[in-house]
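Enquirer: give me the fold of what follows.
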Amino acid sequence: MSTTTALELSGRAARPQLYPVLAQGLTFAARASARREAEGRRRTWAYSGYDEDTPAQAGFAAGLAYGIWGVRPDEAEALGQLAGHLTVHAMRVLPAPRYIVTAFRAGDTATISVLARHGRPTDLTDPGTHGAVRRLADSWGTRDLGAGPCVFAAAHLTAAGRPGTYR
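Expert: Model (predicted):
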């Protein structure tokens, strides 16, 4: 006769962990904080496509979010500028009634995307044609999503002892 434990019967022993966080020796608050860090930080804002202040508002909000998330002040400012320039580019080549701007940070990578809700491309949509985007980002591109076209750019954040990518 074999004995089985309650943990084996419930099936929890074989389930994969959602986040790579060890529970041993950590308080509940420390585990929650580690899970948040493992999944990254994300913030999304919606802006009107008919407001000329949209790029400035998007840049300010993204820069503020990155600053709150612990990014160095000069890098947070550069990421705010990147969000503003990316939004300007999207508004020029992807006319739409609404723009969804998302700032995301995972580890040492920061990504900004601008989705043109129900937008239609009128021109070359590559954000690399915008000089400021090329200067501030390490990579960029476009995606055609179900909600509309999306332009995005990513930059590597400065780690300790490594020079930054922002000029």
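Enquirer: show me where the chain has its helices.
Expert: Taking DSSP state H as the test, the helices found in the chain are 6-10, 28-39, 54-68, 73-93, 131-136.
Enquirer: which of the ones you listed sits most buried?
Expert: Mean neighbours per residue, mean count of other CB atoms under 10 Å, is largest over these for helix 73-93, with a mean of 22. C-betas here are computed from N, CA, C, even on glycine.
Enquirer: so which of the helices of the chain gets nearest Leu145?
Expert: helix 73-93 (12.9 Å; CB to CB).
Enquirer: now do the closest one: distance to the chain's middle.
Expert: Distance of helix 73-93 from the chain centroid (CA atoms, centre = their mean, to the nearest Å) equals 13 Å.
Enquirer: the residue positioned nearest the centre of the chain and Asp53, how far apart?
Expert: Note on the chain: the residue nearest the mean C-alpha position is Phe104, at 1.7 Å, using CA atoms, centre = their mean. In this view, Phe104 and Asp53 are 23 Å apart by CB to CB, to the nearest Å.
Enquirer: point out where this structure drops to low pLDDT.
Expert: Applying pLDDT under 70 to the chain picks out residues 1-24, 34-40, 123-124, 159-167.
Enquirer: who's in contact with Arg41?
Expert: For Arg41, the contacting residues are 65, 69, 103-106, by CB atoms under 8 Å, 6 or more residues apart in numbering.
Enquirer: for the residues you listed, which one is nearest Tyr47?
Expert: Of all those, Tyr47 sits closest to Ala103, with 13.1 Å by CB to CB.
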